[in-house]
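In: Structure of the sequence below:
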Amino acid sequence: QLQLVESGGGLVQPGGSLRLSCAASGYTLNYYTVGWFRQAPGKEREGVSCISSRSGSTKYADSVKGRFTISIDNAKNTVYLQMNSLRPEDTGIYYCAVGPQILFQSMCMDPAKYNSWGQGTQVTVSS
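Out: Numbers count the residues shown, from 1 in each chain. As a prediction, the model looks like this:
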């Protein structure tokens, strides 16, 4: 059974850090593109970052460049999102998703292109 489980969310003050994890079971991540997305209340789900598990190449939304880092540990079948210098506007539910390798070329930040999703983890940035 294919399953993605996110963890690591929580409440953090502005300027703080969190590391999110996305653990996969039922398949091996190193044949796929993995994306992180977030959804704030009343807003559409948006792409935050994605990684090609084959090449290790990464992409980031402009709003998180220089602050967030996506990485993959193939041995643990887990993708991470290290989030530093967090801002209140980073608040939302964070989801990971898995899609075919070809997504990374041009569409990996589009949530509509993914079929397999985790349940999400809440991130709240507030003083």
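
In: and Tyr80, how far is that from Lys65?
Out: Separation of Tyr80 from Lys65 (C-beta to C-beta, to the nearest Å) stands at 17 Å. The way it works is simple: take the backbone N, C-alpha and C, and place the C-beta from them, glycine included.

In: When these two are compared, which one has more neighbours?
Out: Comparing Tyr80 with Lys65 by other C-beta atoms under 10 Å, the one with more neighbours is Tyr80, at 20 against 10.

In: so what does the helix or strand where the more buried one lies touch, helix or strand wise?
Out: Secondary structure from DSSP states H and E places Tyr80 in strand 78-83. Applying 3 or more C-beta pairs under 8 Å, 6 or more residues apart in numbering; DSSP states H and E, we find strand 78-83 packed against strand 18-25, strand 32-39, strand 46-52, strand 68-73, strand 92-100.
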